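S.K.: Model the following, please.
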Amino acid sequence: MKTNTILLILLFCSIPVLAESTENYLGVWQTIDDKTKRPRSLITLSMVSSELTAHITKIYPKEGDIKDPICQKCKGDLKNRSVIGLNILTGMNFDGEVWTDGEILDPDNGKHYDAKIWLEGERLMVRGYIGFFFRTQEWVRLETKND
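M.R.: Predicted coordinates for the structure are as follows:
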């Protein structure tokens, strides 16, 4: 009986720690173009139920680009939808340190990639991969959910 009580106390004490660590991911993040090293977009990470979502909230178009692009190469319900407002992250699970097991959408080519997301200091590391091939981007925090 005493052991069960101690286990319950430890369980309930660990839940706020998990919730607090997921909060570190929430807020507005700026993506950086791999080639030009200039800002590319703003992404808002938030929680819907227990799922991490990532909506594109702003695009910084290059000269000659469309200011409000549509996802022409996306499939299904996402085809020809505005890129602004698009949720590019689905099915992510948090293991206490890293978000895994979900997918990220690249609206430029309409493809979904397996995803892994983790923090390194104030940088969000976002990895999309197929098998052993991957690309990792660093996203820069602009504001937290509580700002």
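S.K.: measure the residue nearest to the spatial centre of the chain to Ser41 for me?
M.R.: Central residue of the chain (CA atoms, centre = their mean): Ala54, 4.7 Å from the mean position. Ala54 sits 10 Å away from Ser41, taking CB to CB, to the nearest Å as the criterion. All C-beta spots, glycine's among them, are computed from the backbone N, C-alpha and C.
S.K.: Helix, strand or coil: sort out the closest residue to Asp108 other than its chain neighbours for me.
M.R.: In space, Asp108 comes closest to Lys73 once its chain neighbours are excluded; the distance is 7.5 Å by CB to CB, 6 or more residues apart in numbering. Classification of Lys73 using DSSP: H, G, I helix; E, B strand; the rest coil returns coil.
S.K.: in this protein, which spans are strands?
M.R.: Along the chain, the stretches classed as strands by DSSP state E are 27-32, 39-48, 51-59, 89-90, 93-94, 99-106, 111-120, 123-130, 133-144.
S.K.: List of residues touching the longest one?
M.R.: Strand 133-144 is contacted by residues 26-32, 34, 42-43, 120, 122-129 when judged by CB atoms under 8 Å, 6 or more residues apart in numbering.
S.K.: now do the third one
M.R.: With contact meaning CB under 8 Å, 6+ apart, strand 51-59 is reached by 22, 25, 28, 40-47, 67-69, 83-92, 94, 99, 102, 104, 107, 117.
S.K.: Generate a ChimeraX selection restricted to the buried subset of the residues you listed.
M.R.: The following ChimeraX line selects those of these that are buried, judged by 16 or more other CB atoms under 10 Å:
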select :25,28,40,41,42,43,44,45,69,83,84,86,88,89,92,94,99,102,104,107,117
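S.K.: Val98: what's it in contact with?
M.R.: Taking CB under 8 Å, 6+ apart, we find Val98 in contact with 116-118.
S.K.: and the closest residue to Glu97 other than its chain neighbours, what does it touch?
M.R.: Distance criterion CB to CB, 6+ apart; nearest residue to Glu97, sequence neighbours excluded, is Trp118 at 6.7 Å. Going by CB under 8 Å, 6+ apart, Trp118 touches 97-99, 124-125.
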